[in-house]
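**Student:** All I have is the shape, not the residue letters:
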């Protein structure tokens, strides 16, 4: 038997998954994970950084990405991931602000987020930049 991924999107899928659990070989492991990020979410944050950079010229897209990761992504992951919180708090939190921004170029934040987290990250970006006159909107590909 090969690995199977079953999106739990309806009652029939849940019944199938439950039956499958009774037939897999001894020692197999069941994992329940959040839904994967959408295509718009995966590609969209980079588009949003470009929109911000075009509207607010004091930084480029890479700089705005660092800003957003630090101000919006880090708080989400610190609140929900104890390992991230421990690593961030010991290695980055004590640094001066400008150094934190620099570290965000290399420190994984959004790549660690699930669908719900990246959605809240985008919403936090929107809440931050819309009062500044920057409208951030993602559209799903058809």
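**Tutor:** Arrived safely. Here the structure is a predicted model, which is why all the values come from computation and not from measurement. Numbering: from 1, shown residues only.

**Student:** other SSEs contacting the helix of greatest length in the chain?
**Tutor:** For the chain, the helix with the greatest residue count under DSSP state H is helix 39-55. Judged by 3 or more C-beta pairs under 8 Å, 6 or more residues apart in numbering; DSSP states H and E, helix 39-55 is in contact with helix 61-68, helix 115-129. All C-beta atoms are positioned from the backbone trio N, CA, C, and that covers glycine.

**Student:** Just name the most buried of those.
**Tutor:** helix 61-68 (a mean of 19; mean count of other C-beta atoms under 10 Å).

**Student:** So the protein: which segments form each domain?
**Tutor:** 1-32, 39-132 (automatic domain parsing).

**Student:** Which of those has the lowest mean pLDDT?
**Tutor:** Per-stretch mean pLDDT for the domains of the chain is lowest at domain 1-32 (a mean of 82).

**Student:** coming back round to it: quick check: angle from the longest helix of the chain to helix 115-129?
**Tutor:** 20 degrees (axes from the mean of the first three to the mean of the last three C-alpha atoms, to 10 degrees).

**Student:** and helix 39-55, which residues are buried?
**Tutor:** By 16 or more other C-beta atoms under 10 Å, the buried positions in helix 39-55 come out as 41, 44, 45, 48, 49, 51, 52, 53.

**Student:** contact partners of stretch 122-131?
**Tutor:** Stretch 122-131 has contacts (C-beta atoms under 8 Å, 6 or more residues apart in numbering) with 41, 44-45, 48, 52, 55-56, 68, 71-72, 76, 136-138.

**Student:** who touches residue 117 in this structure?
**Tutor:** With C-beta under 8 Å, 6+ apart, residue 117 has these contacts: 76, 77, 80.

**Student:** Good, wrapping up.
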